[in-house]
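[1] when you get a sec, could you give me coordinates for this:
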Amino acid sequence: MPLRVTFVAAARGTALLAERFEDDRPLDQGGWDEVQRVAGALLPLAAAELRYCSPTPRSRATGAALGYAPLVQLALRDCDMGRWRGLTPAEAMAREPEAVDAWLADPRSTPHGGESLPAFISRVGGWLDTRPADDGGRIVAVAEPSVIRAALVYALKAPPQTYWNIDVRPLSTTTVTGRAGRWNLRFDGVPAQGPRG
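    Alright, predicted model coming up:
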C-alpha cells in the first residue's frame, strides 16, 4: 500500500520580510491567530497513523496547537546555513553580496560554510524514503516551508535549482504519495459541481 505523506507548513513566526535563515524564533501572536483560524480544516490530519514535525519551535508549536502531538525529527531540520544562520537574506546580501550571488547561482556551493542545497534535499528525501510503510498509510509532518520545498524537489526528481521556484505558504498542505524512490505529488481539490438542472 502506498504511503500518503501530508506536509503542513508551520505557521509564521515573523513577517515575511523579517524571516531569517534557520529561524528558530517561536510563533508570534499573528502565527497563533493563523493556526486558530485554520485549525478546523487541518484537524482531520491528526488521524494520521504517524505524526512528525521539524525541530523548530514554530513547527513544534504548530503541530501541538493542531492536536497532532508530533514526534520531532532531526532530519526535518532546516538547511544548515553556516555563518548566515539567524540573518535575513537582506542582511546576508549586505555583508557578503558576492557569496550570496554565488549561492543562488550554484546549488552545490556553500559560501556560508554550511550545507549545500543538494545535500539538504538529499537529507530530507532520505527521511521521506525511510518512513515505515508497515505502521500505516497516512503520515502528517509539520515542517518549515524550506523543508517542504526540499521534499518536493526530491519527490519530483527535479533539478536542485527548482527549489527556488516553489512557494510554500504558512499552514498550507502538500501531499506526496508512493514509496521509497517513487513519489507522486498529489493535489486534493474540491470536486467540481455538475450542471444544475
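
[2] OK, contacts around the most centrally placed residue in the chain?
    Among the residues of the chain, residue 148 comes closest to the average C-alpha position under C-alpha atoms, centre = their mean, at 2.7 Å. Contact analysis of residue 148 by C-beta atoms under 8 Å, 6 or more residues apart in numbering lists 7, 9, 168, 174. In this view, the C-beta of every residue, glycine as well, is placed from N, C-alpha and C.

[3] quick check: the third one touching residue 151?
    No: no contact is recorded between residue 168 and residue 151 when judged using C-beta atoms under 8 Å, the distance being 9.7 Å.

[4] of those two, give the one with the bigger neighbour count.
    Set side by side, residue 168 and residue 151 show more neighbours around residue 151, with 25 against 20, by other C-beta atoms under 10 Å.

[5] the more buried one: what's it in contact with?
    Per C-beta under 8 Å, 6+ apart, neighbours of residue 151: 7, 124, 125, 128, 143, 174, 176.

[6] so which of the residues you listed sit within helices?
    Secondary structure defined by DSSP state H assigns 124, 125, 128 of these to helices.

[7] quick check: closest non-adjacent residue to the second one.
    If I follow you right, that is residue 125. residue 154 (3.2 Å; C-beta to C-beta, 6 or more residues apart in numbering).

[8] where does that neighbour land on pLDDT?
    Predicted confidence (pLDDT) for residue 154: 97.
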